[in-house]
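Novice: With the input below, show me the fold.
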Amino acid sequence: MDEFLKENYSLLTYCVELLPVIVGLMLFKKYKKSPAKFIIYFLCFALFVDLIGSYPQVLKANDLFYLIEGTLIEQNYWWFHFFWWCGLSFFVYFINYKVIRNIKLRAIIRYAYYFYLLQVALALIFRFEYLFAPDERVIKIASLWIVLLSIIVYFFEVLTSNRIVHFYKSIYFYFNATIFVWVLIMVPLDFFETYFNTKDWNYVFFKWKIYLGLNIFLYLTMTFALLYSRPEKE
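Specialist: Predicted coordinates:
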């Protein structure tokens, strides 16, 4: 099992990520007049980020790694720290901002997001070198709190409105619920990224299994949500 995972981990991940993208694009007409179309954009973005983020492996496979060897971008930590975590934060905030109807609640997450952007800007200015290191913390923690806040505000509005009656039919419920579980497990694991190396294959396989399981949970749930849900009437 471990050897199979070692040889096919990336392929399995891309296949799992590609499934909801294909389904989303096929059903785009169904959602194009609702904020749910941004969920499809997010799924495409997630696949794009993972594909581009594999550039070290691609360069090594084609004997071109010398082009980035010894540079700040030799490892892909910077790519995922900035594009994945900041991109995830933007999509979760923006989708929920579009879906939430209460003006006060919309204002809460809007100003919270402005504060998040300030945190990211300060981190890039004063901790720029950490962007390229596996133990970067500020952007991940900042992304965690804005994502959780946006999701909690969404759930609060649903629980205090008549939308609770049909919550199980809403694609936004499945989107927020799966992202909520995903980040709560993924972010703590990322704090141990410095131990993720081939000197300890047991840990590498352990982390790969958790990552793959989380991705299967996230992307299969989103595939189901796209097929099952209906656009909510504004």
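Novice: got a list of what residue 100 touches?
Specialist: 106, 109, 153-154, 157 (C-beta atoms under 8 Å, 6 or more residues apart in numbering). Placement of C-beta: from N, CA and C, glycine included.
Novice: For residue 37, state which of these is nearest.
Specialist: residue 154 (17.3 Å; C-beta to C-beta).
Novice: Surely that closest one touches residue 98?
Specialist: No. When contacts are counted by C-beta atoms under 8 Å, residue 154 is not listed as touching residue 98 (10.6 Å).
Novice: out of the two, which sits in the busier spot?
Specialist: Set residue 154 next to residue 98 and count neighbours by other C-beta atoms under 10 Å: residue 154 wins out with 26 against 16.
Novice: List the contacts of that one.
Specialist: Contacts of residue 154 (C-beta under 8 Å, 6+ apart): 96, 99-100, 172, 176.
Novice: if I read this right, residue 87 contacts residue 50, doesn't it?
Specialist: No. Residue 87 lies out of contact with residue 50 (C-beta under 8 Å); the separation is 11.3 Å.
Novice: can you tell me which of the contacts of residue 100 are in helices?
Specialist: Using DSSP state H, the subset of the contacts of residue 100 located in helices is 106, 109, 153-154, 157.
Novice: List the neighbours of the helix or strand of the chain with the lowest mean pLDDT that are in contact with it.
Specialist: Least confident element among the helices and strands of the chain, by mean pLDDT, DSSP states H and E: helix 2-26 (a mean of 84). For helix 2-26, contacts defined as C-beta under 8 Å, 6+ apart pick out 31, 39-40, 43-44, 46-47, 50-51, 54, 57, 201, 205, 208-209, 211-212, 215-216, 219-220, 222-223, 226-227.
Novice: and the next element down the chain from it?
Specialist: Downstream of helix 2-26, the next assigned helix or strand under DSSP states H and E is helix 28-31.
Novice: Restricting to C-alpha, output that following helix in PDB.
Specialist: The C-alpha coordinates for helix 28-31 follow below in PDB (Å, rounded to 0.1, in the frame of the first residue of the first chain):
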ATOM      1  CA  PHE A  28     -22.100  25.500 -15.000                       C
ATOM      2  CA  LYS A  29     -25.200  26.700 -16.800                       C
ATOM      3  CA  LYS A  30     -27.200  25.500 -13.800                       C
ATOM      4  CA  TYR A  31     -25.300  27.700 -11.400                       C
END
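Novice: next structured bit after it?
Specialist: With elements assigned by DSSP H and E, the helix or strand that comes after helix 28-31 is helix 37-53.
Novice: Which strands and helices lie in contact with that following helix?
Specialist: Helix 37-53 is packed against helix 2-26, helix 28-31, helix 77-79, helix 85-99, helix 171-190, helix 201-228, with contacts defined by 3 or more C-beta pairs under 8 Å, 6 or more residues apart in numbering; DSSP states H and E.
Novice: ok, residue 174 touching residue 229?
Specialist: Yes. With contacts counted by C-beta under 8 Å, residue 174 reaches residue 229, the gap being 7.0 Å.
Novice: In the chain, where is pLDDT below threshold?
Specialist: Across the chain, the ranges flagged by pLDDT under 70 are 1-6, 191-201, 203, 233-234.
Novice: Quick test: name the residue nearest the centre of it.
Specialist: In the chain, the residue lying closest to the centroid (C-alpha atoms, centre = their mean) is residue 88, at 4.5 Å.
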